[in-house]
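> quick one, fold the following:
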Amino acid sequence: MAEDRWNEFYATGEYERCAYLAGEEMDEYVDRFLDGSGADPESFASVGCGPAVTEFALAERHPDVEFYCCDLSGDVIRDDREVADRRDLSNISFHVRSLPDLDMGRELDIVYCMATLYFVEAIEDAIEALYDHVKPGGYLIFNYPNEATREWLRDEPEGKREFFAPVASGTNLLTRAEIEQLLGTDVDDYWEFVGATELQSGDSPAVFVER
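Residues are numbered from 1 along each chain as shown. Down below sits the predicted model:
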């Protein structure tokens, strides 16, 4: 189970605190998105936040925005809460939640889910759950695995392939057209919108959609 793998990964507290996919630039891309879209959110949810490097950086720069961060690992959530306390950040909170049965009990202006859907077998249910948590007029931003992700994974060590089991088996691969059919609306390319052309290689597509 994904929950067991991630609980084991975070249990020792010796994991690297890093932002996945594009490192420290990930928070800059969020700011570019906010500027380019004209979004002025009061609330921002990050689903599958992990060490929350991106989220901490954003919370410091946007003190008037409430950041609601969640992950399925209670260990990383505990660690994140300790970091928030040390930094005296009152506008960011951490919660144990998981996909696809996500229940944050509310809708938020931005729902953000990066480097997380790789590990979710019921990916369509997960995307619908994310979209259901977006306020009308708000945005959902997420990346997802596709056939190119599976091809990339074939060259990785066996342990990594086991960690990405749903991708390796082809269980949760999607296309942009399938996402649009699922949500019943067009989606736009997130990497293109934020000027991250180096991430448009095809094996880590990301999209955004206004609700």
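
> scan the chain for its longest strand.
Counting by DSSP state E, the longest strand found in the chain is strand 134-143.

> can I get that one in CSV? Just the C-alpha atoms.
Presented in CSV, the C-alpha positions along strand 134-143 are these (Å, rounded to 0.1, in the frame of the first residue of the first chain):
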residue,chain,number,x,y,z
VAL,A,134,-12.0,23.9,-5.4
LYS,A,135,-14.2,27.0,-4.8
PRO,A,136,-16.1,28.2,-7.8
GLY,A,137,-13.8,30.6,-9.6
GLY,A,138,-10.8,28.9,-8.1
TYR,A,139,-8.1,26.7,-9.6
LEU,A,140,-6.9,23.1,-9.5
ILE,A,141,-3.3,22.6,-10.4
PHE,A,142,-1.8,19.1,-10.6
ASN,A,143,0.6,16.9,-12.4
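
> can you list the strands that that strand pairs with?
Within its sheet, strand 134-143 is paired with strand 108-113 (parallel), strand 206-210 (antiparallel), according to DSSP bridges.

> buried residues, that strand. List them.
By 16 or more other C-beta atoms under 10 Å, the buried positions in strand 134-143 come out as 134-135, 138-143. C-beta coordinates here come from the backbone N, C-alpha and C atoms, glycine included.

> now, the most widely separated pair of those residues?
135 and 143 (21.3 Å; C-beta to C-beta).

> so which bits of stretch 181-199 are buried?
182-183, 187, 190-191, 193-194, 196, 199.

> which of the residues you listed lies closest to residue 46?
Residue 46 has its nearest neighbour among the buried residues of stretch 181-199 in residue 190, at 14.5 Å by C-beta to C-beta.

> for the closest one, give its distance to residue 131.
Residue 190 is 15 Å from residue 131, where distance means C-beta to C-beta, to the nearest Å.

> and if you look at residue 176?
In this view, residue 176 and residue 131 are 15 Å apart by C-beta to C-beta.

> one more: residue 53?
Using C-beta to C-beta, we find residue 53 at a distance of 25 Å from residue 131.

> following the longest strand of the chain, which helix or strand comes up?
Once the chain leaves strand 134-143, the next helix or strand it forms, by DSSP states H and E, is helix 147-154.

> packing partners for that next one?
Counting contacts by 3 or more C-beta pairs under 8 Å, 6 or more residues apart in numbering; DSSP states H and E, helix 147-154 is packed against helix 158-163, helix 165-168.
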